[in-house]
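[1] Predicted model and sequence below, questions to follow.
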Amino acid sequence: MTPVISAAVAAPGAVPGTGEVPYELGLPDPRADEVPSALGEFGPVPVVRADPAAALVGAWRAAAGAGSTHHLVVRAGTELAPGFAAELVRAVAGRPRAALVLSAAGGGSRNAGAVRLAALRGCGWAAAVPQDCLSPAAVLLPSGAALAFAGFAAGALAAGAAPGGLLPAFARRHRLDLLLHVGGLAASPAATGAPPRPSAAQCAGAAGRSSGGVSDLVSPLPEVLPRLSGGRALISLWDAGTATWRQASWTRHMARSGRNWPVAAPAAAFVAVTDRPTPSARERVLPLTEVVRYGLALGTVLGRAPVETAAPVLRPCLCAAVLDAAGPVPAPEWPDDWTDELTDVLWRAVGVGARLRSNHGVEHWPAEELRALPADAPPCGGPEPAEPPPPGGARPSPTPRP
């Protein structure tokens, strides 16, 4: 069946009676509430202008189910990639029952880590981390699910739930596959008052990155998920017995990545060699050692070195990882050549880590050791949206069902 897509734009404003706009909703510049031209291919597009909660709920109700098979909500000010409409129709035709997040996950979240691993695997989609928050700029749901989500969101927001926890909780309740687009068909608008970021143009486009060269496959969520957050390389481990994520130190985890891991020290040192001394100002924000560690851990999970010819496709993803890890540093304080240099280091480190995995095998964490690790909690605020327990007491899995 050919998908029929309807769309709406959410243009949230200030909370009534306060004149304030919550930062966590990622609100755009108030002037940027026009409808993206690419949405014109989906017919009339209503724009819901209201306080944040009402705008979110109203946009999902607007036009959903009115003769359409799927409903798309885009946040005002979002920039859509060239060919957005055609790419979206193709994606929906292949996965008509999935919830599709079309803006790339950023920051140091586990979802961002999953997207970068998917890119290295050559996949066009990544399975979202079910427990983590999402505040995407563009989301598509089957129309029936869109109407149900509007009601779910209205009740959860009234109860004080965090906006970023709504979509993951809804997908778990309704057993929807929640998938993240690896290239990013939509670019999130900058939050009002947010400090300027380093230029993302070198990361292959501020208005949505190209996904050319990747397949349409879904990258399953691994049980070991490296990420680069707050200037540190972190390792998240899935504890299936308690259905929670645990955080392991890089050193302890990598000691299990190969029986002969110590022999890799010279290789790791070689990866970090650059043509000039490491700038101390850069080290204070994002140490070179942490970038190398992240790349090595990514490579061990990947299990195979990415081919050099894939660099033009994969480099944007690694470049974004570096910029996200650097955080909201004003552009003059973070030169472009710092990003280029760290991206090159990260690319080489992934290759070294992959060879370690393929050459020496991987040891698994015993259950009792996993339990002793600290929980790796998602950065969500507010109470978890209420949902019934899984049927039969089954525990949730980090990987979507087939």
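    Arrived safely, thanks for sending.

[2] ok, for the residue nearest the centre of the chain, nearest residue in space, not its chain neighbours?
    Geometric centre of the chain, nearest residue: Ala105, 2.4 Å, by CA atoms, centre = their mean. Among residues not flanking Ala105 along the chain, Asn111 sits closest, at 3.9 Å (CB to CB, 6 or more residues apart in numbering). Bear in mind the C-beta positions are built from the backbone N, C-alpha and C, glycine included.

[3] Name the SS class of the one you found, please.
    With DSSP: H, G, I helix; E, B strand; the rest coil as the basis, Asn111 sits in helix.

[4] Roughly how far does Leu167 sit from Ala99?
    When CB to CB, to the nearest Å is applied, the distance between Leu167 and Ala99 equals 7 Å.

[5] likewise Leu179?
    Noted for Leu179: a distance of 7 Å to Ala99, by CB to CB.

[6] Can I get stretch 71-85 as CSV, trimmed to CA atoms?
    These are the backbone C-alpha positions of stretch 71-85, laid out as CSV (Å, rounded to 0.1, in the frame of the first residue of the first chain):
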residue,chain,number,x,y,z
HIS,A,71,1.3,11.6,10.4
LEU,A,72,4.5,13.7,10.6
VAL,A,73,5.1,16.4,13.2
VAL,A,74,7.9,18.9,12.7
ARG,A,75,9.1,21.5,15.2
ALA,A,76,9.0,25.0,13.9
GLY,A,77,12.3,26.3,12.6
THR,A,78,13.5,22.8,11.6
GLU,A,79,15.5,22.6,8.4
LEU,A,80,14.8,19.6,6.2
ALA,A,81,17.3,17.9,4.0
PRO,A,82,17.1,18.0,0.2
GLY,A,83,14.8,15.3,-1.1
PHE,A,84,13.1,15.0,2.3
ALA,A,85,9.7,14.1,1.0
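
[7] Contacts for the helix or strand where Leu237 lies next, please.
    Under DSSP states H and E, the secondary-structure element containing Leu237 is strand 232-239. Applying CB atoms under 8 Å, 6 or more residues apart in numbering, the set of residues contacting strand 232-239 from outside is 108, 110, 113, 221-228, 245-250, 253, 290-291, 293-294, 297, 365, 367, 370-371, 373, 376, 398.

[8] Repeat the analysis, applying 7 Å as the threshold.
    The list of residues contacting strand 232-239 from outside it, by CB atoms under 7 Å, 6 or more residues apart in numbering, reads 110, 223-227, 245-248, 250, 253, 290, 293-294, 297, 365, 370, 373, 376, 398.

[9] next one: stretch 117-125
    Stretch 117-125 is contacted by residues 126, 179-182, 211, 214-219, 222, 298, 301-302, 306, 314, 317, 350 when judged by CB under 7 Å, 6+ apart.

[10] before we move on, the earlier item: just give me how far the strand holding Leu237 sits from the chain centre.
    The chain centroid and the centroid of strand 232-239 are separated by 15 Å, computed with CA atoms, centre = their mean, to the nearest Å.

[11] same deal with stretch 180-188?
    Its chain's C-alpha centre lies 9 Å from the corresponding centre of stretch 180-188 when counted by CA atoms, centre = their mean.

[12] can you give me the end-to-end distance of it?
    The stretch stretch 180-188 measures 14 Å between its terminal residues, going by CA to CA, to the nearest Å.

[13] From Pro306, how far off is the residue nearest to Ala105?
    21 Å.

[14] picking up where we left off before, please save the CA atoms from the strand holding Leu237 in PDB.
    Written as PDB, here are the backbone C-alpha positions of strand 232-239 (Å, rounded to 0.1, in the frame of the first residue of the first chain):
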ATOM      1  CA  ARG A 232      35.100  11.500  28.500                       C
ATOM      2  CA  ALA A 233      34.900   8.100  26.900                       C
ATOM      3  CA  LEU A 234      32.100   6.100  28.600                       C
ATOM      4  CA  ILE A 235      31.000   2.500  28.300                       C
ATOM      5  CA  SER A 236      27.400   1.500  28.900                       C
ATOM      6  CA  LEU A 237      26.600  -2.200  29.400                       C
ATOM      7  CA  TRP A 238      23.200  -3.800  29.200                       C
ATOM      8  CA  ASP A 239      22.300  -5.900  32.200                       C
END
